[in-house]
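Peer 1: fold the following.
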Amino acid sequence: MKKDKTEIEAILRILDKLYPDAKCSLNFTNPLELLVATILSAQCTDERVNEVTKSLFEKYRSAKDYASVSQEELEEDIRPTGFYKNKAKSLRKCCEELERKFGG
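Peer 2: Predicted structure coming up:
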């Protein structure tokens, strides 16, 4: 494990040198928001994801919020990102696991 961590840190240092100004184009303020935005970004532009997540992140504040909303309601909320049925299912399952394993 220690060797793996050392190798990962070395790779990250190299990437930082090669791409010093790299940043994520998805808008987020916490790890859960990044996870949600990443799931929604499949087959969708980051620009569109950012449009959708602006209101989504106001409506859903926790993993419990995503896990407890109905499939249909979440589908409607994320419809503009495309593949909304599968994305809603993935989001809900992922957040159910976060709740179950980590309490959110």
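
Peer 1: which stretches of the chain form helices?
Peer 2: In the chain, the helices defined using DSSP state H lie at 2-18, 31-40, 46-59, 63-68, 71-78, 84-102.

Peer 1: can you list the weak-confidence ranges in this protein?
Peer 2: Along the chain, segments meeting pLDDT under 70 span 1-2.

Peer 1: follow-up on the earlier one: between the helices of the chain, which gets nearest to Cys24?
Peer 2: helix 31-40 (7.5 Å; C-beta to C-beta). (Glycine included, C-beta is placed from N, CA and C.)

Peer 1: now the closest one - C-alpha only, PDB.
Peer 2: This file holds the C-alpha atoms of helix 31-40, laid out as PDB (Å, rounded to 0.1, in the frame of the first residue of the first chain):
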ATOM      1  CA  PRO A  31     -17.400  16.300  -2.700                       C
ATOM      2  CA  LEU A  32     -21.000  15.200  -3.000                       C
ATOM      3  CA  GLU A  33     -21.700  17.900  -5.600                       C
ATOM      4  CA  LEU A  34     -18.600  16.900  -7.500                       C
ATOM      5  CA  LEU A  35     -19.800  13.300  -7.500                       C
ATOM      6  CA  VAL A  36     -23.300  14.300  -8.700                       C
ATOM      7  CA  ALA A  37     -21.900  16.500 -11.400                       C
ATOM      8  CA  THR A  38     -19.500  13.800 -12.600                       C
ATOM      9  CA  ILE A  39     -22.400  11.200 -12.800                       C
ATOM     10  CA  LEU A  40     -24.400  13.700 -14.800                       C
END
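
Peer 1: which parts of it are buried?
Peer 2: Buried residues in helix 31-40, defined by neighbour count with 16 or more other C-beta atoms under 10 Å: 32-33, 35-37, 39-40.

Peer 1: now do stretch 57-77
Peer 2: Buried residues in stretch 57-77, counted by 16+ other C-beta under 10 Å: 57, 60, 63, 66-67, 69, 74-75, 77.

Peer 1: contacts for stretch 67-74 next, please.
Peer 2: By C-beta atoms under 8 Å, 6 or more residues apart in numbering, the residues outside stretch 67-74 that reach it are 60, 66, 88-89, 91-92, 95-96, 98-99.
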